[in-house]
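> whatever this is, show me its structure:
(one chain, ligands or ions: 1)
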Amino acid sequence: MSLNAICRKVLDGRPLAEPDIRYIVSLPADRLDELLVCAHTIRTAMFGSKVSLCAIINAKSGTCSENCSFCAQSGHHGGKSPEYPLLPASDIATAAATAKGNGITRFGIVASGKLVGDRDMVGFTEAVKRVAALGMAPDLSPGILKPAQLKALKKAGLKGYHHNLETSASFFPQMCTTHEYAEDVAAVRAGVEAGLYVCSGGIFGIGESWDDRVELALLLKELGVQSVPINFLHPIQGTPLEDREPLAPEEALKLVALYRFLLPDRALRICGGRLTVFGQSRKAELLGSGANGLMVGDYLTIKGGSVTNDLEEIDHAGLLPETE
Ligand code: SF4
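From the prediction side, this is the model:
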């Protein structure tokens with residue numbers, strides 16, 4: 001077995017076997033560059049030189065009923081995040097128009113909380129209509145949506161449903177105890193069945209093992225999600241993970257490359273924690289690790305970088321932002 005042979009397997013559309021995956025996971029640090037070259041080759045074969053860009057708005061923040069250990073918005077921790085109810089649809093549309101001015105075509109409306117009540121459904125529906133009217137793809141990350149809600153929002157113009165599984169089923173109980181992993185899996189499955197573009201991924205560096213990372217990727221593949229956001233822990237004061245060291249950049253690059261091998265034809269979107277792990281000076285390296293998507297602008301509860309800077313980095317890497 002060799003890395004090139006495993007890469008060839010992926011390019012030929014053949015599934016990886018367990019020993020192939022073990023081989024990648026156990027590659028030593030001095031072979032990281034080789035792994036990244038293979039991951040970039042797969043990415044280029046699947047997506048050419050295009051980079052999919054999206055932006056989000058934190059449309060409803062804080063006081064969440066859930067206790068996810070990494071999250072500043074949980075009402076269970078002392079993390080300091082802003083607290084406000086769902087923003088008016090006009091404010092959401094204004095933020096989307098700004099993103100559109102930067103050439104961004106996917107716009108995510110993100111809200112804290114587990115379930116969506118009737119009042120917020122009215123607000124989400126109006127916001128989705130307004131973002132769609134701008135000629136953008138409205139995505140929604142509102143927690144768990146019921147099938148009837150998914151159907152109604154799709155009718156209003158919703159293109160994408162975002163709901164992260166965050167980690168593996170095995171590790172989930174160490175990260176969250178206020179709901180069952182199966183509820184999140186069912187929500188993702190319902191989004192896929194509703195015919196929406198489903199974006200579901202995880203957060204890394206929260207104490208999970210490489211086995212957990214592989215388990216999550218294989219489940220996402222089986223569920224048929226089209227886009228996989230990759231978040232890196234940004235330790236937030238007041239949360240149970242406030243003292244955890246962020247991932248080393250090399251481990252983060254290896255993770256993205258592994259996900260490219262495991263999910264060759266799915267969009268891999270680098271989202272929160274990019275600056276925490278890589279800083280300004282190294283964040284462009286992610287574009288050569290197999291990722292083909294970036295969240296630009298601000299993240300949920302932490303500041304992001306400048307969109308102009310991201311677009312320059314994409315250009316320097318010889319890549320092109322996707323425009324539709
Ligand atoms: S990750 Fe989502 S569900 Fe979990 S505490 Fe934060 S806002 Fe709530």
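
> so what's Pro321 bridging to?
Per DSSP bridges, the residues bridged to Pro321 are Val51.

> which ones are touching the nearest residue to Leu320 once chain neighbours are set aside?
Nearest non-adjacent residue to Leu320, counting by C-beta to C-beta, 6 or more residues apart in numbering: Ser49, 5.2 Å away. C-beta here means a position set from N, CA and C on the backbone, and glycine is covered the same way. Contact analysis of Ser49 by C-beta atoms under 8 Å, 6 or more residues apart in numbering lists 318-320.

> for Tyr181, see how far away Ser49 is.
Distance of Ser49 to Tyr181, computed by C-beta to C-beta, to the nearest Å: 37 Å.

> if we can go back for a sec, may I ask which of the contacts of Ser49 has the most neighbours?
Using other C-beta atoms under 10 Å as the neighbour test, the contacts of Ser49 are led by Leu319, with 19 neighbours.

> now do the contacts for it.
Contact analysis of Leu319 by C-beta under 8 Å, 6+ apart lists 49-51, 287.

> can you give me the end-to-end span of stretch 240-256?
25 Å (C-alpha to C-alpha, to the nearest Å).

> that one near the ligand at all?
No. On the criterion C-beta under 6 Å from any ligand atom, stretch 240-256 is out of touch with the ligand, staying 11.4 Å away.

> mind listing residues that contact that stretch?
Surrounding stretch 240-256, the residues in contact under the criterion C-beta under 8 Å, 6+ apart are 27, 29, 32, 35-36, 39, 69-70, 77, 204-207, 213, 230, 232-236, 268, 270, 273, 276-278, 282, 285-286, 289-291.

> inside strands: which ones of those?
204, 230, 232, 268, 270 (DSSP state E).

> hmm, back to that, with pLDDT and distance to the ligand added, can I get the contacts of Ser49 in JSON lines?
Shown next, in JSON lines, are the contacts of Ser49 (pLDDT from 0 to 100; distance: C-beta to the nearest ligand atom, whole Å):
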{"residue": "Gly318", "pLDDT": "88", "distance to the ligand": "35"}
{"residue": "Leu319", "pLDDT": "91", "distance to the ligand": "30"}
{"residue": "Leu320", "pLDDT": "92", "distance to the ligand": "32"}
